[in-house]
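In: Sequence below, structure please.
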Amino acid sequence: MARISLIEPDKASPEVKEVYDGKLKGKPGSIQKALAHRPAMLANFLGFYASVGRSLERKLYEAVYLRTSLINGCHYCTQHHIVGAKRAGITKDEMRALKGGDYSGFSAAEQAALRYSEKLTRTPDAATDADFGELKKYFSDEQIVDLHMLTGLANLTNRVTGPLALDLEFPAEEI
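Out: Numbers count the residues shown, from 1 in each chain. Model prediction:
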C-alpha cells in the first residue's frame, strides 16, 4: 500500500484531470497519481520522461532501465520495464541474464552501455576517461548524454516509487 495518498481521477483538480485525460489517455499509473500532488511537477516530469533516451535504440533503452531497476531492487520500475523490454524484443533469457548481470548475450555496444550504466548506478563518481573511450567507440556524444540521463532517470524513479511503496497497476511477472 502506498505511503501517501494517490490522486484518483475522480478527485483530481482540473489541471491534473487535463493531464490524466490528455497525456495519460485517462489511465494514470501510481507514480502519476503520486506526482499529482504537485500538478506542475507532474506535467513537467511527463515531458522530461518522454524526452530522455530517445537517441538510443529501444532495446538498449529498456535493457538499461530494467538493469538499473534490478540493481536497485525497485519492484515497481522493474515490472514496468519488463513490459517495455518485451515490447522492445528482449527475451526472457536476456532478462534473466540482465538480472544476473550477464551482458554476454548483448552486442558489444549494448555491453559497453550496460557496464557503464551499472557503474553510474553503483559508483556514480567513479567514471573514468577509459570508460568514455569505450563508450565513444559505439555512441555519439548525443547518445552518451542520453545514456547518462536515462541511467539517472531510472535511478530517480527507483528512488521515488520504491520508498513511496507505490502499488503496481497490473499483475507482477517473474524473470
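
In: Only C-alpha atoms from now on, for both contacts and neighbour counts.
Out: OK.

In: List the contacts of the spatially closest residue to residue 7 that is not a sequence neighbour.
Out: Leaving aside its sequence neighbours, residue 7 sits nearest to residue 33 (Cα to Cα, 6 or more residues apart in numbering; 4.8 Å). By Cα atoms under 8 Å, 6 or more residues apart in numbering, the residues touching residue 33 are 6, 7, 8.

In: Nearest to residue 119 among these?
Out: Checking these against residue 119 by Cα to Cα gives residue 6 as the nearest, at 33.5 Å.

In: Neighbours of residue 46, how many?
Out: The tally of other residues near residue 46 (other Cα atoms under 10 Å) stands at 15.

In: Need the pLDDT of it.
Out: Looking at residue 46, its pLDDT stands at 97.

In: buried residues in the strand or helix carrying it?
Out: Under the criterion of DSSP states H and E, residue 46 resides in helix 39-51. For helix 39-51, a neighbour-count test (16 or more other Cα atoms under 10 Å) marks 39, 42, 43 as buried.

In: Pretty sure the second one sits against residue 29.
Out: Put plainly, it is residue 42. No - using Cα atoms under 8 Å as the test, residue 42 is too far from residue 29 to be in contact (11.7 Å).

In: Send me the lengthiest helix in the chain as PDB with only the CA atoms.
Out: Secondary structure assigned by DSSP state H gives helix 141-161 as the longest helix of the chain. Taking Å, rounded to 0.1, in the frame of the first residue of the first chain, the C-alpha atoms of helix 141-161 are listed here in PDB:
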ATOM      1  CA  ASP A 141      28.000  12.500 -27.700                       C
ATOM      2  CA  GLU A 142      24.300  12.900 -28.000                       C
ATOM      3  CA  GLN A 143      23.800   9.200 -27.300                       C
ATOM      4  CA  ILE A 144      26.200   9.300 -24.300                       C
ATOM      5  CA  VAL A 145      24.200  12.200 -22.800                       C
ATOM      6  CA  ASP A 146      21.100  10.200 -23.300                       C
ATOM      7  CA  LEU A 147      22.600   7.200 -21.700                       C
ATOM      8  CA  HIS A 148      23.600   9.300 -18.700                       C
ATOM      9  CA  MET A 149      20.200  10.900 -18.400                       C
ATOM     10  CA  LEU A 150      18.500   7.500 -18.800                       C
ATOM     11  CA  THR A 151      20.500   6.000 -16.100                       C
ATOM     12  CA  GLY A 152      19.800   9.000 -13.900                       C
ATOM     13  CA  LEU A 153      16.100   8.900 -14.700                       C
ATOM     14  CA  ALA A 154      15.900   5.200 -13.800                       C
ATOM     15  CA  ASN A 155      17.700   5.800 -10.500                       C
ATOM     16  CA  LEU A 156      15.400   8.700  -9.800                       C
ATOM     17  CA  THR A 157      12.200   6.800 -10.400                       C
ATOM     18  CA  ASN A 158      13.600   3.800  -8.500                       C
ATOM     19  CA  ARG A 159      14.200   6.100  -5.500                       C
ATOM     20  CA  VAL A 160      10.700   7.600  -5.800                       C
ATOM     21  CA  THR A 161       8.400   4.600  -6.400                       C
END
